[in-house]
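*Asks:* need the 3D shape of this:
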Amino acid sequence: MSSSSSTVDMDPDVALRLFEEGATLVLLGVPRGTELGIDCKSWQVGPRFRGVKMIPPGLHFLHYCSVNSPSCGGEIGPKTGLFLTLKPREILLANWDPKEEDLDFSASKNEEEVSRVRATLRELDPYLGPYPYEVMRKWVSLTDRLSEELANDLQPLSGRVCAFSDVIPETPFTHTKDRAEQPRNDTECQSMREGLDRLPRMKQREGTELRFSVIPEKTYPPGATPAEITQWSLDLSYALETVLETNHRLQPLNLLGELQFAFVCFLFGNVYEGFEHWKRVLTLLCRSEEAMRKRKDLYLGLIAVLYHQLGEIPPDFFVDIVSQNNFLTSTLQDFFQFASGAGVDSTLRKRAEKFKAHLTKKFRWDFDADLDDCDPVVVELPEGVTVD
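*Replies:* I've put the predicted structure just below:
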């Protein structure tokens, strides 16, 4: 983002209101060439960049990654992001820490420093890029279920959402002697598995983990009969209710906010774990037949969330990731089948039908086809019988 960014396309009244009421991010010392973005848009930082102004109050996702100097190859580092909730006219101050290659917001706690910046804001103004107003509606539609409290509960205790996990050895070797005493084998590895087994076991550094709801591995209650195991393995309602009771008992619709949080982490933060959790939650919701009959509001909300999410992802996203094993089409096929079943609220049924028609037209997906038609048929032959 360069200081030449303008608000040419912004409605003058909106521009004035954002100028008067909007928050300001003052980001000092960010190296030239750094990729930095807020919400749905990112830029390459120019030499005059000092921050972002006219930011609508509310929840935002700031994301950035350092770039080596051209002499070092200009390689882009892993992306770091953080969720921020900004108040009207708030000034948030951060300095770039070259050693950590990260933004240090500790200066924001210094009232004298913030007051000094506020007093010189007019002088800083030419070096502040305006918030990309053209993406505001998109951002709001992707996060309308995600509250400040929920975002704080889900993001790591470190306050940073990192594309690559920060891992450390499970057994710390603080001295050379400790490492020397570990079993060694100087012969060549015979397989990749053998090589991996020789590497030290790693774990994620405490405080850097995303704090998603835990999806139970067993989808049925303790002591379930074989019939109940079959029932709750096909209908994931028991597992869904367990997740809601454990994590979102007072506000079940917060699960939709968690779905949005995971999606934003993946789409704008490059966090693959976010995509995996998005898939798990989506599978849980779409394959819970009994819950669909009981929780009308949750499922009406799900359709709205998915409508905006599927409308914003890049075209090659489906080809590269989502279409693997027909994940999305098969999951939504189950959802539409359950939504048309007996006992489902008529408003939800009609909304699901319209959503199905929209996806069929937009992506040319056929939800009525048998997705297993192309699978090879495996025929079990009696023992001793052969085929010539």
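*Asks:* how about residue 286, nearest residue that isn't a chain neighbour?
*Replies:* residue 335 (3.8 Å; Cβ to Cβ, 6 or more residues apart in numbering). Just so you know, the C-beta spots here come from the backbone N, C-alpha and C atoms, and that holds for glycine as well.
*Asks:* name the helix or strand for the one you found, please.
*Replies:* helix 327-339 (DSSP states H and E).
*Asks:* the nearest residue to residue 60 once chain neighbours are set aside and residue 270: what is the separation?
*Replies:* In space, and not counting its chain neighbours, residue 60 is closest to residue 84: 5.1 Å by Cβ to Cβ, 6+ apart. Per Cβ to Cβ, to the nearest Å, residue 84 is found 18 Å from residue 270.
*Asks:* just residue 208 next, same as before
*Replies:* Counting by Cβ to Cβ, the gap from residue 208 to residue 270 is 15 Å.
*Asks:* then residue 39?
*Replies:* Where residue 270 is concerned, residue 39 sits at a distance of 15 Å (Cβ to Cβ).
*Asks:* next: residue 153.
*Replies:* 22 Å.
*Asks:* about what we covered before: contacts only, for the residue nearest to residue 286.
*Replies:* By Cβ atoms under 8 Å, 6 or more residues apart in numbering, the contact list for residue 335 reads 285, 286, 287, 352.
*Asks:* thinking again about what came up before, which element is the residue nearest to residue 60 on?
*Replies:* strand 80-86.
*Asks:* for that strand, what is the distance to the chain centroid?
*Replies:* 13 Å (Cα atoms, centre = their mean, to the nearest Å).
*Asks:* report the distance from the helix or strand following it to the chain centre.
*Replies:* Downstream of strand 80-86, the next assigned helix or strand under DSSP H and E is strand 91-97. Mean-position distance between strand 91-97 and its chain equals 24 Å (Cα atoms, centre = their mean).
*Asks:* same question for stretch 130-145.
*Replies:* 16 Å.
*Asks:* same question for stretch 266-284.
*Replies:* 5 Å.
*Asks:* for residue 244, which non-adjacent residue is spatially closest?
*Replies:* Here the residue nearest residue 244, using Cβ to Cβ, 6+ apart, is residue 252, at 4.9 Å.
*Asks:* tell me the secondary structure of the one you found, please.
*Replies:* Three-state call for residue 252 (DSSP: H, G, I helix; E, B strand; the rest coil): coil.
*Asks:* who's in contact with it?
*Replies:* 244, 295, 298.
*Asks:* look up how far residue 300 lies from it.
*Replies:* When residue 252 is compared with residue 300 (using Cβ to Cβ), they lie 13 Å apart.
*Asks:* contacts only, for residue 271.
*Replies:* Going by Cβ under 8 Å, 6+ apart, the list of residues near residue 271 reads 81, 161, 162, 163, 210, 265.
*Asks:* mark which of those are part of helices, please.
*Replies:* Using DSSP state H, residue 265 are the members of the contacts of residue 271 that sit in helices.
*Asks:* ok, of the contacts of residue 271, which one's closest to residue 370?
*Replies:* The closest of the contacts of residue 271 to residue 370 turns out to be residue 265 (Cβ to Cβ; 34.4 Å).
*Asks:* with adjacent residues omitted, what lies nearest to the closest one?
*Replies:* In space, residue 265 is closest to residue 274, 3.3 Å off (Cβ to Cβ, 6+ apart).
*Asks:* the one you found reaches residue 263, doesn't it?
*Replies:* Yes: the criterion here is Cβ atoms under 8 Å, and residue 274 meets it with residue 263 at 6.9 Å.
*Asks:* looking at those two, which is more packed in?
*Replies:* residue 263 (25 against 22; other Cβ atoms under 10 Å).
*Asks:* do I have it right that that one meets residue 279?
*Replies:* No: shown here, residue 263 and residue 279 do not form a contact pair, counting by Cβ under 8 Å, at 10.4 Å.
*Asks:* quick check: neighbours shared by the two?
*Replies:* Contacts common to residue 263 and residue 279, judged by Cβ under 8 Å, 6+ apart, are absent.
*Asks:* quick one: buried residues of the helix holding residue 335?
*Replies:* 328, 329, 330, 331, 332, 333, 334, 335, 336, 338, 339 (16 or more other Cβ atoms under 10 Å).
*Asks:* one more: stretch 296-310?
*Replies:* So stretch 296-310, judged by 16+ other Cβ under 10 Å, has buried residues 298-310.
*Asks:* just to be sure, which of those residues are found in helices?
*Replies:* Those of those lying in helices (DSSP H): 298-310.
*Asks:* among those, which one lies nearest to residue 65?
*Replies:* residue 309 (23.3 Å).
*Asks:* now do the same contact list for that closest one.
*Replies:* 142, 260, 263.
*Asks:* ok, residue 77 - contacts?
*Replies:* 65, 66, 67, 68, 101.
*Asks:* which one among those gets closest to residue 131?
*Replies:* So of these, ranked by how close each gets to residue 131 (Cβ to Cβ), first place is residue 65, at 19.9 Å.
*Asks:* neighbours of the closest one, just the number please.
*Replies:* What residue 65 shows, counting by other Cβ under 10 Å, is a neighbour count of 18.
*Asks:* any idea what the nearest residue to residue 152 once chain neighbours are set aside is bridged to?
*Replies:* Nearest-residue entry for residue 152: residue 83, 7.4 Å, with adjacent residues in sequence omitted and distances by Cβ to Cβ, 6+ apart. Applying DSSP bridges to residue 83 gives these bridge partners: residue 61.
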